[in-house]
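Engineer: Have a look; sequence and predicted model below, questions after that.
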Amino acid sequence: MVSEFKDKYQLVIIGAGPAGLGAALAAEERGVKDILLLERDYFLGGILPQCIHNGFGLDYFGEELTGPEYAHRFIDRIPESTVQVMDETMVLDITPDKEITALNRHQGVQKIEAKAVLLAMGCRERTREAIKIPGDRTAGVLTAGTAQRYINIEGYLPGRKVIVLGSGDIGLIMARRMTLEGAEVDSVLEIMPYSSGLVRNKVQCLDDFDIPLKLNHTLTRIEGDKRVERVVVSRVNDDLEPVPGSEQTVECDTVLLAVGLIPENELTKQMGIELDPVTGGAVVNEQRETEINGVFACGNVLQVHDLVDYVTEESEIAARAVSEYLSRRRKKRRKKIKLTAGEQITYVVPHRIDYVYQDKDKKTLKLFLRSSVPVEEAELKVVDDRGQELISSRKKIVTPGEMETIILPLQFLDEDIEELTVSVTKASQGAD
C-alpha cells in the first residue's frame, strides 16, 4: 500500500500485471514523476504467479523463465523505485477528464486526479455461458485458468477424468498439467481445423504426452447430476455447425474451457472510448493512446498477446508515449494514417499513426497483427494507398494462434500517405 495517499498524480496505471508493472518502471526511467499503480488483487504480477511452467522471457530477457520468475524481474524493482502501489483497490469509474473513483478497505472511496491514465487491466476467460453449451448445470465445468489457479496456487486437483475444450495456450498447458498431477485427459477439442495455440505448446503439451487433439470437434452437451458425468462430442462441418450422427459420448468428471480470452474493458467502455470489434480492445494510435488525449492502453486489455514478452514491449511503448505526452514533445502529422487489415489478416495494432518523429532513436514502428488462416511460405506486406509496397517479410508459416510483427521504417511515411494496408499471401516462387 502507499505510505501516504495523495489525490493527484502525473500518471495513474490501472492494473499491476506485466503490462502495468512494465509501464510503471519504464515511465519512471523516462522521467515521469508521481506514478500510482492501482491493483484490485492482494498481490502483483497479474496471472503470472500461477503460471509455474517455463517458456517466459525468451524474447525479452534472452533466457527461459517461469511465470513467477518473470513477474519478479519487475516486482522486485518496485520497492527501489518511486512508483506508489495501492493493492486490494477496485477502480469503479474513470471520467474523460481522468478523474478516478477507487475503493479499498483502508481509505474507503477516494477520488484521484491524473494528468495521464494508462489502462492495463488485462483480460479474462470466456465461460460456458459465453459459448452457450447446452446441458445440465453441474459442478466440474471450469475455465482452464481457474483450474490452473486451483492446482498451482491453492493446491487442489479439480478433477480426475478430464476433457478440454479449446486448443488455446492455456488449454494445452493445462492438459499437460492435469496429466502430470495424475488425472486422465481424454482429449483436447478444437472447433477450428487448426490449433489456436503456439506450435511449441502443441508439441510440448500434447504430442509429448500422447494427448489427442481433435480438430473440427466441439462439445454439444454436458450431462450430470451434481457433477459432470459425461459429455457429448460432435464433429463440425465447414460452417462450424455440429454434424448430425457424429455424436460420441465421453465419460468424464471435469470439463476445462479454453475458448478464448476477452480484454477486460468495462472501464474503457464507461469512458466512451471506441473499441475494436475484432480485438475487443481500444482503438489506439501508434503511441497506444485512445481517442481521449492522455488516456493510453497496453497489454492484454488492448489485444490478447501470446507472449508476455510482447506485453512488456508494448508497455514500454506506452510508457515512452506517456512521457512525451506529459512533456508536450509531440508533433502531429498533417494527415493521420489509417492502418487497415487486408487479405487474410484479422487485425492490425496500432489502428492509426498520428505523429511525426524527429527523435533519431525512433526510426521504426512495430506493427502487431494476426492472420485469419494458416499460410505456409507466407509473405507479409505493407502497401500504401498509392499501391506502393513499403516493406515485406517472408515467414515459413503464419497461423492465427501466433501473433506476427512487421517492422516499418518511419522514413517511408511521407505526408501524403493516408492509409496503409497489411496483408499476407503465399509467397511467389523465387521471391527474395
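Structural biologist: Structure received.
Engineer: Only C-alpha atoms from now on, for both contacts and neighbour counts.
Structural biologist: Fine.
Engineer: can you list the weak-confidence ranges in the protein?
Structural biologist: 1-5, 358-361, 429-432 (pLDDT under 70).
Engineer: Residue ranges of each domain in it, please.
Structural biologist: The chain breaks down into these domains under automatic domain parsing: 6-125+261-329, 127-259, 332-432.
Engineer: Same list (those domains) but as a markdown table, adding mean neighbour count.
Structural biologist: Below are those laid out as a markdown table (neighbours: other Cα atoms under 10 Å):
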| stretch | mean neighbour count |
| --- | --- |
| domain 6-125+261-329 | 20 |
| domain 127-259 | 19 |
| domain 332-432 | 17 |
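Engineer: Give me the distance between stretch 292-301 and the centre of its chain.
Structural biologist: Averaged C-alpha coordinates place stretch 292-301 at 13 Å from its chain's average position (Cα atoms, centre = their mean, to the nearest Å).
Engineer: ok, so what distance separates the spatially most central residue of the chain from residue 120?
Structural biologist: What sits nearest the mean C-alpha location of the chain, by Cα atoms, centre = their mean, is residue 304, with 2.2 Å. To residue 120, residue 304 is 12 Å away according to Cα to Cα, to the nearest Å.
Engineer: Show me the helices in this protein, by range?
Structural biologist: Remark: helices assigned in the chain by DSSP state H are 18-29, 67-75, 128-131, 144-149, 169-180, 199-201, 266-270, 308-326.
Engineer: where's the residue of the chain most remote from its centre relative to residue 42, distance?
Structural biologist: In the chain, residue 245 marks the outermost C-alpha relative to the chain mean, sitting 37.3 Å out by Cα atoms, centre = their mean. Distance, residue 245 to residue 42, using Cα to Cα: 50 Å.
Engineer: what's the answer for residue 76, then?
Structural biologist: With the distance defined as Cα to Cα, residue 76 ends up 16 Å from residue 42.
Engineer: and if you look at residue 323?
Structural biologist: Residue 323 is 28 Å from residue 42, by Cα to Cα.
Engineer: Now do the same contact list for the residue nearest to the centre of the chain.
Structural biologist: 123, 261-263, 279 (Cα atoms under 8 Å, 6 or more residues apart in numbering).
Engineer: At which residues are the strands of the stretch 51-200 of the chain located?
Structural biologist: Secondary structure of the stretch 51-200 of the chain (DSSP state E, counting those that start in this stretch): strands located at 54-56, 65-66, 84-86, 90-94, 99-104, 108-119, 123-125, 141-143, 161-165, 184-190.
Engineer: do you know which of those strands lies nearest residue 298?
Structural biologist: Nearest of the strands of the stretch 51-200 of the chain to residue 298, taken as Cα to Cα: strand 108-119 at 6.6 Å.
Engineer: hmm, back to that, save the strands of the stretch 51-200 of the chain as a markdown table, and put in distance to residue 155 too.
Structural biologist: Formatted as a markdown table, these follow (distance: least, Cα to Cα, whole Å):
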| stretch | distance to residue 155 |
| --- | --- |
| strand 54-56 | 19 |
| strand 65-66 | 18 |
| strand 84-86 | 28 |
| strand 90-94 | 27 |
| strand 99-104 | 28 |
| strand 108-119 | 32 |
| strand 123-125 | 21 |
| strand 141-143 | 16 |
| strand 161-165 | 18 |
| strand 184-190 | 18 |
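Engineer: and of the ones you listed, who's closest to residue 406?
Structural biologist: Distance to residue 406, taken as Cα to Cα, is lowest for strand 54-56 among the strands of the stretch 51-200 of the chain, at 21.6 Å.
Engineer: in its sheet, what does the closest one sit against?
Structural biologist: Taking DSSP bridges as the criterion, strand 54-56 sits next to strand 65-66 (antiparallel) in its sheet.
Engineer: Pull the residues that contact the partner strand.
Structural biologist: In this structure, residues lying in contact with strand 65-66 by Cα under 8 Å, 6+ apart are 51-58.
Engineer: Distance from the chain centre to it, please.
Structural biologist: Distance, stretch centre to chain centre, for strand 65-66: 18 Å (Cα atoms, centre = their mean).
Engineer: repeat for stretch 11-22
Structural biologist: 14 Å.
Engineer: Compute the first-to-last residue distance for that stretch.
Structural biologist: 14 Å.
Engineer: Pull the contacting residues for the nearest residue to residue 253 once chain neighbours are set aside.
Structural biologist: With sequence-adjacent residues excluded and distances taken as Cα to Cα, 6 or more residues apart in numbering, residue 253 is closest to residue 228, at 4.7 Å. When contacts are counted by Cα under 8 Å, 6+ apart, residue 228 touches 138-141, 222, 252-255.
Engineer: From residue 133, how far out is residue 228?
Structural biologist: Here the criterion is Cα to Cα. By it, residue 228 lies 13 Å from residue 133.
Engineer: Spit out the residues that contact the two alike.
Structural biologist: Going by Cα under 8 Å, 6+ apart, residues that sit against residue 228 and also against residue 133 are residue 222.
Engineer: I would like the residues contacting stretch 41-52, please.
Structural biologist: Residues from elsewhere that reach stretch 41-52, judged by Cα under 8 Å, 6+ apart: 15-18, 21, 66-68, 70-72, 75, 87-89, 122, 148-149, 152-153.
Engineer: Using PDB, write out the CA atom coordinates for it.
Structural biologist: In PDB, the C-alpha atoms belonging to stretch 41-52 read as follows (Å, rounded to 0.1, in the frame of the first residue of the first chain):
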ATOM      1  CA  ASP A  41      -5.800  -8.200  -6.100                       C
ATOM      2  CA  TYR A  42      -3.700  -8.600  -3.000                       C
ATOM      3  CA  PHE A  43      -0.500  -9.500  -5.000                       C
ATOM      4  CA  LEU A  44       1.300  -8.000  -8.000                       C
ATOM      5  CA  GLY A  45       2.000  -9.800 -11.300                       C
ATOM      6  CA  GLY A  46      -1.500 -10.500 -12.700                       C
ATOM      7  CA  ILE A  47      -1.800 -14.000 -14.000                       C
ATOM      8  CA  LEU A  48       1.900 -14.800 -13.900                       C
ATOM      9  CA  PRO A  49       2.200 -16.100 -10.300                       C
ATOM     10  CA  GLN A  50       0.000 -19.100 -11.200                       C
ATOM     11  CA  CYS A  51       1.900 -19.800 -14.500                       C
ATOM     12  CA  ILE A  52       4.600 -22.000 -13.000                       C
END
